[in-house]
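In: fold the stuff below for me.
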Amino acid sequence: MSAVTVQFEFEKETKNSVRYKEVPEEGKAPIMGSIYVQKWFAGSTKSLVITIDKND
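Out: Predicted coordinates:
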């Protein structure tokens with residue numbers, strides 16, 4: 001298993017969700033790009049951190 005932590009910052013609000021864009025590490029390509037999180041969960045959060053476990 002290998003784990004990667006991906007950081008996201010607020011991009012824009014839509015009707016029922018909030019879009020966050022990935023902040024890639026310097027010199028690396030984005031892993032996920034943009035994600036949508038439902039407003040009821042995201043609230044007014046301006047940044048998110050997601051950990052991805054990859055099972056090989």
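In: contacts and neighbour counts: CA atoms only from here.
Out: OK.
In: for the protein, give me the ranges with low pLDDT.
Out: 1 (pLDDT under 70).
In: residue nearest the centroid of it?
Out: By Cα atoms, centre = their mean, the chain has its centre lying nearest to Phe8, at 3.9 Å.
In: so that one lies in a strand, does it not?
Out: Yes. Using DSSP: H, G, I helix; E, B strand; the rest coil, the assignment for Phe8 is a strand.
In: correct me, but it touches Val23?
Out: Yes. Judged on Cα atoms under 8 Å, Phe8 makes contact with Val23 at a distance of 5.5 Å.
In: can you count the residues close to Tyr20?
Out: By the measure other Cα atoms under 10 Å, the count of residues near Tyr20 is 22.
In: identify the residues contacting it.
Out: Going by Cα atoms under 8 Å, 6 or more residues apart in numbering, Tyr20 touches 8-12, 34-37, 47-48.
In: repeat that for Gly43.
Out: Neighbouring residues of Gly43 by Cα under 8 Å, 6+ apart: there are none.
In: apply 10 Å and report the result again.
Out: By Cα atoms under 10 Å, 6 or more residues apart in numbering, Gly43 lies in contact with 17-18, 37.
In: perfect, I'm done here.
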